[in-house]
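Novice: predicted coordinates and the sequence they were generated for:
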Amino acid sequence: MKMQLERTDTGNAIICALATILIMSLIGAGVLMNCTTRYNVTAKQLKAWKEALYAAEAGGDIGFAEVRKLVSNPSPWSADGWTSPAASPAPTPGPSWSKAPITFGQANSLSSIVTVDKLTDAAPPAGTGYDYYRIRATGIARLFGLPRAGMDDAMLAGGTYFKDTNVKANRASARGTGDSLLRKMDFNYDHFIATYGDGDFNSVSLQTVSSPQITRRIELVAVPQMVSFSGALRLTNSFNGPGSAGVVDSYDSKNGAYYFAANNPSDPHYADSRDGDVSVATPNFTWGGPIYGDVSTNGGNVTHSGTQISGTIDNNVPFTIPPLAKPDTTGWSPGPATYIINPPASSTNSATPAQYVYSSSLAAGVTINAALPLTETYVTVVVTGDVNANITIARGVNAKIYFTGNMSTKAANILNNNVDNGVPTNPSRAGHLQFYGVSPPAGTTQTINIDPPGDLYATFYAPGADMTLTGNANVYGAIVAHNFTGNGQGGGNTSFHYDKELATGFTVPVDYRVASFVEDVR
């Protein structure tokens with residue numbers, strides 16, 4: 001008996017199914033591998049994109065730190081590895097300095113190139129005559145992995161790039177499109193230099209990059225932070241005064257000499273008499289006599305009870321005062337051994353003051369004469385040590401006296417022969433005589449003691465000093481110090497009168513601050 005086998009298509013279906021699965025698996029694996037590769041590339045590019053900004057900000061901080069040194073040292077650049085000029089031709093404004101490469105990160109994968117350009121303001125009265133700085137920092141992050149951009153990074157059609165780097169259209173092709181433009185990726189050439197050169201279209205050229213990279217650029221503008229006498233007394237630590245028989249009030253020297261008007265609302269100068277503001281950067285505030293002005297502390301508990309404070313009280317006002325550095329006296333004239341200073345005619349220009357330095361304490365009386373009779377004369381004196389001598393300035397003299405030690409004198413021994421409202425360009429008698437206490441080293445104390453009798457017309461900027469007024473001395477001007485004592489609650493009639501004209505017109509830089517921060521997204 002013959003058996004007949006039945007034939008079916010079942011085996012073919014299985015083979016087709018397996019073949020389909022295999023093909024789909026190969027396609028899926030290819031897609032997965034491609035996605036993984038692109039994901040890894042994108043993740044690394046995103047990481048580098050962020051790190052490039054960190055590197056740029058670090059470079060900007062380095063440049064800003066160098067600018068801050070200029071307060072006491074006009075030429076810090078050569079000692080810190082900076083080169084000048086930064087480019088040829090130098091960027092505008094100028095001169096300029098650069099530092100590169102500054103490396104960061106693991107295996108130095110991050111770097112920064114920093115350029116600092118100087119702009120000098122117009123001389124007074126049109127400007128301040130001081131320097132402003134533009135700080136530009138390029139942050140560079142190396143790109144690891146495949147040197148490719150995303151799929152939306154379309155190729156530019158036609159021609160060879162950079163056939164003529166002077167033709168803007170060809171330079172622009174270095175910028176790329178899509179992701180490479182958005183993330184500032186450079187695989188072969190530096191797109192920014194090819195398009196903008198140093199940023200001001202100087203030195204435009206085609207430059208290769210040593211390895212694929214992402215670059216981000218920031219720009220800071222640093223402006224000088226000037227001495228501020230925006231109130232009668234600004235203290236970084238404590239206030240103790242005035243005495244129970246004393247007073248803190250204000251006046252405006254453009255109206256003439258001071259007289260007490262703070263308790264007479266009908267007086268035409270009454271409004272100018274009640275701005276004797278006192279500010280303390282801590283809770284340490286103690287007082288005895290009346291204060292005709294506002295009071296602010298940082299965490300204090302001052303109230304209107306117990307005595308008279310005419311203005312507002314705010315116990316939540318934090319602030320800081322930068323320390324004062326000693327000016328660089330390289331090239332200055334030594335102080336005359338006779339202690340009589342006769343400045344040259346050039347000192348009648350505020351941009352070219354006469355400059356003198358005493359290399360030891362000032363123990364003998366000093367007289368500063370005007371270059372020409374009754375003519376505004378500008379003189380700066382630096383004393384490396386204490387000031388314990390009589391000081392006399394002639395009418396018309398604007399004297400700035402820096403000292404690194406302590407100061408102790410009677411009010412009557414400081415003779416300021418100027419008069420209030422005597423000169424239209426500077427009506428303040430107190431503003432003609434400015435004392436600057438250079439901040440002492442950490443852990444040491446600087447003291448300023450003003451004893452009776454007499455009246456003293458001057459300003460004091462000594463953020464690291466303990467200042468004491470005793471007896472019946474009257475001080476007209478403004479004070480910035482660490483601690484202030486003016487007889488306190490124990491009695492005494494020391495009085496302090498703030499000249500409101502001192503709120504403007506002081507052009508002594510004590511620090512630099514960042515006025516603007518932008519990212520250059522070109």
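Specialist: Good, I have the coordinates.
Novice: where does the stretch 1-150 of the chain have low pLDDT?
Specialist: 1-11, 34-41, 74, 78-79, 85-94, 123-126, 128, 145-146, 148-150 (pLDDT under 70).
Novice: quick one: the helices in it?
Specialist: Along the stretch 1-150 of the chain, counting by DSSP state H, counting those that start in this stretch, helices occupy 10-68.
Novice: wait, a helix at residue 254?
Specialist: Yes: under DSSP: H, G, I helix; E, B strand; the rest coil, residue 254 sits within a helix.
Novice: so what are the domain limits for the protein?
Specialist: As assigned by automatic domain parsing, the chain contains the domains 38-226+513-520, 233-326+404-505.
Novice: relative to residue 342, which of those domains is closest?
Specialist: Closest to residue 342 of those is domain 233-326+404-505 (CB to CB; 15.4 Å). For glycine as for every other residue, the C-beta is placed from the backbone atoms N, C-alpha and C.
Novice: circling back to that earlier point, hey, which of the domains of the chain is tucked in deepest?
Specialist: domain 233-326+404-505 (a mean of 20; mean count of other CB atoms under 10 Å).
Novice: coming back round to it: now distance to residue 351 too, for the domains of the chain, in a markdown table please.
Specialist: As requested, the domains of the chain are exported to a markdown table (distance: least, CB to CB, whole Å):
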| stretch | distance to residue 351 |
| --- | --- |
| domain 38-226+513-520 | 4 |
| domain 233-326+404-505 | 14 |
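Novice: mean pLDDT lowest where, among these?
Specialist: If the domains of the chain are sorted by mean pLDDT, domain 38-226+513-520 sits at the bottom with a mean of 78.
Novice: where do the helices sit along this structure?
Specialist: 10-68, 168-172, 178-182, 191-196 (DSSP state H).
Novice: out of these, which comes closest to residue 131?
Specialist: The nearest among the helices of the chain, by CB to CB, is helix 10-68 at 8.9 Å.
Novice: for the stretch 251-400 of the chain, just list every one of the strands.
Specialist: Remark: strands assigned in the stretch 251-400 of the chain by DSSP state E, counting those that start in this stretch are 278-280, 284-286, 295-296, 313-314, 333-334, 340-341, 354-358, 366-368, 377-383, 391-393, 397-403.
Novice: nearest to residue 19, out of the domains of the chain?
Specialist: domain 38-226+513-520 (28.5 Å).
Novice: on that earlier part again, distance to residue 64 added to the strands of the stretch 251-400 of the chain, as a markdown table?
Specialist: Output for these, formatted as a markdown table (distance: least, CB to CB, whole Å):
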| stretch | distance to residue 64 |
| --- | --- |
| strand 278-280 | 27 |
| strand 284-286 | 32 |
| strand 295-296 | 29 |
| strand 313-314 | 31 |
| strand 333-334 | 33 |
| strand 340-341 | 37 |
| strand 354-358 | 27 |
| strand 366-368 | 37 |
| strand 377-383 | 26 |
| strand 391-393 | 37 |
| strand 397-403 | 25 |
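Novice: to residue 208, which of these lies closest?
Specialist: Using CB to CB, those put strand 354-358 closest to residue 208, at 50.2 Å.
Novice: using PDB, write down the CA coordinates of that closest one.
Specialist: Extracted in PDB, the C-alpha atoms of strand 354-358 (Å, rounded to 0.1, in the frame of the first residue of the first chain):
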ATOM      1  CA  ALA A 354      51.100 118.300  41.600                       C
ATOM      2  CA  GLN A 355      52.100 115.000  43.300                       C
ATOM      3  CA  TYR A 356      54.400 114.700  46.300                       C
ATOM      4  CA  VAL A 357      55.300 111.800  48.600                       C
ATOM      5  CA  TYR A 358      56.700 111.900  52.200                       C
END
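Novice: now that strand and strand 397-403, what's the angle there?
Specialist: If you take axes from the mean of the first three to the mean of the last three CA atoms, to 10 degrees, strand 354-358 sits at 30 degrees to strand 397-403.
Novice: parallel or antiparallel, which strands does strand 354-358 pair with?
Specialist: The pairing partners recorded for strand 354-358 under DSSP bridges are strand 333-334 (parallel), strand 377-383 (parallel).
Novice: could these go into a markdown table alongside mean pLDDT?
Specialist: A markdown table is the format used below for the strands paired with strand 354-358 (pLDDT from 0 to 100):
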| stretch | mean pLDDT |
| --- | --- |
| strand 333-334 | 96 |
| strand 377-383 | 96 |
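Novice: deepest-packed of those, please.
Specialist: strand 377-383 (a mean of 23).
Novice: from residue 335, how far out is residue 359?
Specialist: 8 Å (CB to CB, to the nearest Å).
Novice: these two: which is more packed in?
Specialist: Higher neighbour count among residue 359 and residue 335: residue 335, with 18 against 11, using other CB atoms under 10 Å.
Novice: of all the domains of the chain, which lies closest to residue 390?
Specialist: Once these are compared by CB to CB, domain 233-326+404-505 is nearest, at 4.4 Å.
Novice: for residue 322, find the nearest of the helices of the chain.
Specialist: helix 10-68 (9.2 Å).
Novice: now for the closest one, which elements pack on it?
Specialist: Counting contacts by 3 or more CB pairs under 8 Å, 6 or more residues apart in numbering; DSSP states H and E, helix 10-68 packs against strand 96-104, strand 110-120, strand 131-142, strand 213-226, strand 509-520.
Novice: now those strands in JSON lines, with distance to residue 407?
Specialist: Output for the helices and strands packed on helix 10-68, formatted as JSON lines (distance: least, CB to CB, whole Å):
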{"stretch": "strand 96-104", "distance to residue 407": "37"}
{"stretch": "strand 110-120", "distance to residue 407": "33"}
{"stretch": "strand 131-142", "distance to residue 407": "30"}
{"stretch": "strand 213-226", "distance to residue 407": "22"}
{"stretch": "strand 509-520", "distance to residue 407": "18"}
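Novice: list the residues that contact the nearest residue to residue 500 once chain neighbours are set aside.
Specialist: Spatially, and ignoring its direct neighbours in sequence, residue 500 is nearest to residue 252 (4.6 Å; CB to CB, 6 or more residues apart in numbering). Contacts for residue 252 were tallied using CB atoms under 8 Å, 6 or more residues apart in numbering; they are 269, 272, 499, 500, 501.
Novice: if I look at residue 368, how far off is residue 381?
Specialist: From residue 368 to residue 381 the distance is 8 Å (CB to CB).
Novice: list the residues that contact both of these two?
Specialist: Common neighbours of residue 368 and residue 381 (CB under 8 Å, 6+ apart) are 341, 399.
Novice: on that earlier part again, the helices of the chain: which one's closest to residue 348?
Specialist: Of all the helices of the chain, helix 10-68 comes closest under CB to CB, at 30.6 Å.
Novice: could you check the angle the closest one makes with strand 213-226?
Specialist: 30 degrees.
Novice: just checking, residue 255 touches residue 269?
Specialist: Yes: counting by CB atoms under 8 Å, residue 269 is a contact partner of residue 255 at 5.7 Å.
Novice: residue 139 reaches residue 62, doesn't it?
Specialist: No: counting by CB under 8 Å, residue 139 does not reach residue 62; the two are 11.6 Å apart.
Novice: now for those two: what residues contact both?
Specialist: With CB under 8 Å, 6+ apart as the test, residue 139 and residue 62 both reach residue 112.
Novice: check contacts around the nearest residue to residue 284 once chain neighbours are set aside.
Specialist: Spatial nearest neighbour of residue 284, excluding adjacent residues (CB to CB, 6+ apart): residue 238 at 3.6 Å. With contact set as CB under 8 Å, 6+ apart, residue 238 has these partners: 280, 282, 284, 285, 286, 483, 484.
Novice: can you list the residues you listed in TSV and add distance to residue 446?
Specialist: Output for the contacts of residue 238, formatted as TSV (distance: CB to CB, whole Å):
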residue	distance to residue 446
280	18
282	18
284	18
285	21
286	21
483	10
484	13
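Novice: ok, residue 335 - contacts?
Specialist: 341, 356, 357, 358, 366, 381.
Novice: ok, the second one - how many residues close by?
Specialist: Spelled out, that is residue 356. Neighbours of residue 356 using other CB under 10 Å come to 21.
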